[in-house]
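> here is my input, please return the structure:
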Amino acid sequence: MRYDTFNQEFNIMRNTIITIILSQFCLLVGAQNAPLSQVVEYDKKTGRFNSELPFDKSFYLKIKIDKYDIVKRVDYTNLPRQLRAPNVEDTIHYKRIAFFEEPIKSDKESKYVVLQMPPLNPNGLYEIVMSKKFSGKTLSDLLKLMSLFNEGQAPKFDLILQEERKLKKEYNQKHPQNGIFYPDSTILNERLVELYLPFNKANKDYTNCNKLKSGLAASICIWDKKTVEIVKQYLKIVLSRCGDELNNCEGILPYNLSTYYELFDEYLRSHYKDYNTINVTDSDLNTIFKDDDFIAYLAQFFNHAMTTKRTKKRLETSLKLLSNFKSSDKKELHLRLNGRLKLTDFSSAKPLDKGDLEVIAKNLQANRDSLSKFQEDIKMIRLFDSTRDEELKNLIGEIDNVQLKWKKKLDKIKSIIDLNLKFEANATEEVLLSHTYIDKISREATNWILPDFGVLYGFDGGSDVLRPFLGANINFGPVDKNIRTRFMSSELAPGSSKIGRYIRHHFSLLVGVSFGTIKIENRREDLFNGINILTGIGYRFTRSLRVSSGILWYNGVNPNPLLSDKKVEGMGYLSLSFDIEFKKASGSTLNKLF
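Down below sits the predicted model:
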């Protein structure tokens, strides 16, 4: 009779297990595609993410930046726990992050840099460092410094270079680090800071030099104006990075002044020389400037042609060019033709500094566009009037030559800017601290402790048992159950290992209770009424199915009827179980079974 009962229980449990496995297989077959990557956005203004960072899976991190910013590289690291406390030094290893840029339709002045984030560890603190090439005002200041170098040697500039090189040499001899000298930067040399700091404080205006009483900085002030101008321009670069006290630098450190000069002398001088030889003058458009009657002839034709709103808008640029050609003196015309003013700027416009190459390049491109429209309008005149055809033909050829000169000038500016931006210290860094901590304790618990339901088979020397159980799997770290193992990236975050991640995702400690009595007279009894405790180790081989093995505990009974002593004993077991959340997600089919 007992054998028949056991056989019936075994058949029921067998059918249940088969149903569980088939249900799991059907769900897996219906979801073969890799999961879509999560996208997280970061707002630099508020310092907030729009969602928590995921762990153990790749995702995209979108950061809004200025549209003119040029991202050089992005690195990240998992900060060791000991480094999260202040005043603790250690070696930090950074890993490179791939990225791409994405336009923002609703914001024409910004763009997204999208980081292809690798899988992160749970409960980790990360530092993401974005290195951007100089742009905007900082790039403008750098180019102006190089332009000052290009103008020729300042009378007293060599004395500054000699003093700086001497201080650098002394500093590097006293402060070697593992045989490698510290980076060549002003703020790492206290004596160099002492050299420039008084000069910076007193010399906001050149006329304030008399505030300095002694030292090399005071000597600089009474030297020539050009030397002072070079130092002031250099300090603009340092101040933009290090603050007014020159000692608050973060990230990439600026070069010393002598280093900037050496870079210019070795790599950039020849490029500036070539750039200076490309000049556009009024003689390049001789047909227009040799005869005022010709300008009047063109203006009259354009004016008569402005019969409709459409033609008026088209010819406005050409009329503006003619007006400026007619009214500009030789100096102003030279500024317009070489990009320090636009061809269409009003006469009251302030010309650019000749070292502001980035903006000059934009002006030259605008001039090219304006002159191209003017050239097309000249070609239109030839269709309707041949009285001055030879002059019109010559003007078209002259415009082609000017366009060619401008293109060479633009190419040379681009090469100068590109060379400057290749130097390692001509970049800024933005540091973003991020983490994968879970903000709610209740939700964190669900990532560490996973409830499941299944059946176990206990081995007890011919008195085996098959019973359902309810258990709690305690993982060795947070687990994202939505990630399929086959979709896990082979790339790891700094400080993690594949073995550690595998153990955390697949192995767990199991504590649970079995349901149904396992009582056998004179041999064993239940710990509680029809309930016994099991402990063991589980292995998760799919997102929801798990096998485990361990000990099923019960009260052992002494077969001697004269002794009523009981002691806790155990039998080995094997079990198959599934995640309770999987049971909920599977709908009514499994709910009817349990």
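
> the nearest residue to Y68 once chain neighbours are set aside: neighbour count?
Residue nearest to Y68 in three dimensions, not counting chain neighbours: S135, with 5.3 Å by C-beta to C-beta, 6 or more residues apart in numbering. The way it works is simple: take the backbone N, C-alpha and C, and place the C-beta from them, glycine included. The tally of other residues near S135 (other C-beta atoms under 10 Å) stands at 17.

> thought S135 was touching V71?
No. Between S135 and V71 there is no contact under C-beta atoms under 8 Å: 10.2 Å.

> biggest helix in the chain by residues?
The single longest helix within the chain, with elements called by DSSP state H, is helix 389-422.

> strands along the stretch 201-350 of the chain, start to end?
Ranges of strands within the stretch 201-350 of the chain: none, based on DSSP state E, counting those that start in this stretch.

> which residues of the stretch 451-594 of the chain fall in strands?
According to DSSP E, counting those that start in this stretch, the strands that the stretch 451-594 of the chain contains are 465-475, 507-515, 524-525, 531-540, 545-557, 566-579.

> then the stretch 1-150 of the chain?
Under the criterion DSSP E, counting those that start in this stretch, the stretch 1-150 of the chain carries strands at the ranges 38-43, 48-49, 59-66, 70-78, 95-96, 99-103, 110-117, 125-133.

> so who does the closest residue to F384 other than its chain neighbours touch?
Nearest residue to F384, sequence neighbours excluded (C-beta to C-beta, 6+ apart): F301, at 8.0 Å. By C-beta atoms under 8 Å, 6 or more residues apart in numbering, the residues touching F301 are 381, 384-385.

> now, which of these sits nearest L432?
Of all the contacts of F301, L432 sits closest to I381, with 58.2 Å by C-beta to C-beta.

> tell me which helix or strand the closest one sits in.
Assigned by DSSP states H and E, I381 belongs to helix 357-384.

> same for that helix, what does it pack against?
Packing partners of helix 357-384 (3 or more C-beta pairs under 8 Å, 6 or more residues apart in numbering; DSSP states H and E): helix 136-150, helix 292-305, helix 309-327, helix 389-422.

> okay, those helices, which one's buried deepest?
Per-stretch averages of neighbours, counted by mean count of other C-beta atoms under 10 Å, single out helix 136-150 among the helices and strands packed on helix 357-384, with a mean of 20.

> what angle sits between that one and strand 59-66?
60 degrees (axes from the mean of the first three to the mean of the last three C-alpha atoms, to 10 degrees).

> which other helices and strands contact helix 136-150?
By 3+ C-beta pairs under 8 Å, 6+ apart, helix 136-150 packs against helix 225-242, helix 257-263, helix 269-277, helix 357-384, helix 389-422.

> still on that earlier bit, pick out the shakiest of the strands of the stretch 1-150 of the chain, pLDDT-wise.
With a mean of 82, strand 48-49 has the lowest mean pLDDT of the strands of the stretch 1-150 of the chain.

> spatially nearest residue to I65, not counting backbone neighbours?
V113 (5.5 Å).

> and the nearest residue to L421 once chain neighbours are set aside, how far is that from G339?
Distances taken as C-beta to C-beta, 6+ apart put K133 closest to L421, at 4.4 Å, once the chain neighbours are dropped. Look at K133 and G339: by C-beta to C-beta, to the nearest Å, they are 22 Å apart.

> more neighbours: those two, which one.
Remark: of K133 and G339, G339 carries more neighbours, 28 against 20, as counted by other C-beta under 10 Å.

> does that one touch L364 like I think?
Yes. In this structure, G339 is within contact of L364 by C-beta under 8 Å, at 4.1 Å.

> double-check N555 against D526; I have them as touching.
Yes. Counting by C-beta under 8 Å, N555 touches D526, with 6.9 Å between them.
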